[in-house]
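Chemist: Everything below, folded, please.
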Amino acid sequence: MINTMTSYKLISSDLTRSLTRVAKEPAVQRDTDYYLKNIGNVKTIDDFMKDDRLYKYAMKAMGLEDMTFAKAFIRKVLTEGTGKDSFASKLTDKRYLEFATTFDFAKLGDKATSDPAVLKPVTDKYARQTLEKEAGQDNEGVRLALYFARKAPTITNAYEILGDKALLKVFQTTFSIPTQTSNMDIDRQAKMVEDKIDLASLKDPAKLEKLITRFTAMYEMNNPSTASTAPSLLIGGSMTIGISQSILATLQSFKLGGR
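Modeler: Sure thing, here's the model as predicted:
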């Protein structure tokens, strides 16, 4: 079995090719064709939510597949729109604001689905979500790494990491933070995130990749996929079982942004 870091790099090194492959999968292509053919017929929030196939496609594309059942909650998100006092704007999880912005019935009414933003951008996101989900079926660490790589450049504060289970998992794994710390005061948790990560550095592809490299190494150490668990890319060669003390020390002392 390929280790976490190698699996992630195989996908991320040519992401366009990976996404094209996923988009051409028969089930994905059928769902995308249906979405593109029918989304323009949707004129109201009721229309949108009554077509279960369309609704589920949109929810998955926007990373909200796990909330598909919560129709009353999603209706409130769409009904109140994107104003500064809207329901979505007050939620820590910014996926809901992104959803309300893309399907902006509150502002555009029956013209909401005529906006180009609901076409190719949504189908591209659907392919990315499918890619991440498929990767997670083989190795959850790869899914988390791909998700973090996608979301990290948009993170503006520590609370966005704390409010997202997947981002929080990456943070805790990368820096060996016990999950019990989630019971701490939220402001103390935010300070912990800020002490470990220079959030501005997440917009730097090289620094982001460095962080993800550490995450995949730490994830592999905690969830070994092979007998030889040390990713060779870390050390420039092969290695026997386990991660050497020198590599482990390097990982433990790492701080993104060099602060």
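Chemist: From now on I want contacts and neighbour counts done on CA atoms only, so please keep to that.
Modeler: Fine.
Chemist: all strands in this structure, in order from the N-terminus.
Modeler: For the chain, no strands turn up when DSSP state E is the criterion.
Chemist: Just to check, Lys125 is in contact with Met62?
Modeler: Yes. The pair Lys125 and Met62 qualifies as a contact (C-alpha atoms under 8 Å) at a distance of 6.7 Å.
Chemist: okay, these two: which has more neighbours?
Modeler: Met62 (20 against 17; other C-alpha atoms under 10 Å).
Chemist: Backbone dihedrals for that one, please?
Modeler: In terms of degrees, to the nearest 10, the main-chain angles of Met62 are phi -90, psi 10.
Chemist: Find the nearest non-adjacent residue to it, please.
Modeler: Spatial nearest neighbour of Met62, excluding adjacent residues (C-alpha to C-alpha, 6 or more residues apart in numbering): Phe99 at 6.3 Å.
Chemist: count of neighbours near that neighbour?
Modeler: When neighbours are counted by other C-alpha under 10 Å, Phe99 registers 22.
Chemist: and Val193, how many residues sit next to it?
Modeler: Residues lying near Val193 (other C-alpha under 10 Å) number 21.
Chemist: Could you tell me how many residues sit around the nearest residue to it once chain neighbours are set aside?
Modeler: Spatial nearest neighbour of Val193, chain neighbours left out: Ala158 (6.0 Å); criterion: C-alpha to C-alpha, 6+ apart. The number of residues packed near Ala158 is 20, by other C-alpha under 10 Å.
Chemist: Ala158 touches Ile197, doesn't it?
Modeler: No. Using C-alpha under 8 Å, Ala158 is not in contact with Ile197, being 9.0 Å away.
Chemist: Where does the record place the domain boundaries for this structure?
Modeler: In terms of domains, the chain is parsed into 4-122, 155-253 (source: automatic domain parsing).
Chemist: Go through those and name the closest to Ala149.
Modeler: Closest approach to Ala149 among these (C-alpha to C-alpha): domain 155-253, 7.3 Å.
Chemist: related to what we said a few turns ago, let me see the contact set for the residue nearest to Val193.
Modeler: By C-alpha atoms under 8 Å, 6 or more residues apart in numbering, Ala158 lies in contact with Ala190, Lys191, Val193, Glu194, Leu199.
Chemist: what's the answer for Lys43, then?
Modeler: By C-alpha under 8 Å, 6+ apart, the neighbours of Lys43 are Gly109, Asp110, Lys111, Ala112, Thr113.
Chemist: Looking at those residues, spot the one nearest Ala23.
Modeler: Nearest to Ala23 among the contacts of Lys43, counting by C-alpha to C-alpha, is Thr113 at 21.7 Å.
Chemist: Show the pLDDT at the closest one.
Modeler: Turning to Thr113, the model gives it a pLDDT of 95.
Chemist: Against Leu54, how distant is the closest residue to it other than its chain neighbours?
Modeler: Excluding the flanking residues, the one nearest Thr113 by C-alpha to C-alpha, 6+ apart is Gly40, at 5.4 Å. Separation of Gly40 from Leu54 (C-alpha to C-alpha, to the nearest Å): 11 Å.
Chemist: mind checking how far Thr68 is from Val28?
Modeler: Thr68 sits 18 Å away from Val28, going by C-alpha to C-alpha.
Chemist: circling back to that earlier point, closest one to Thr20 out of the contacts of Lys43, please.
Modeler: The closest of these to Thr20 turns out to be Thr113 (C-alpha to C-alpha; 24.6 Å).
Chemist: ok, the closest one touching Asn38?
Modeler: No. Contact status for Thr113 versus Asn38: not in contact, 9.8 Å apart, counting by C-alpha under 8 Å.
Chemist: Neighbour count: these two, which is higher?
Modeler: Legend: neighbour count by other C-alpha under 10 Å for Thr113 and Asn38, higher for Thr113 (23 against 14).
Chemist: Please consider this matter closed, and thank you.
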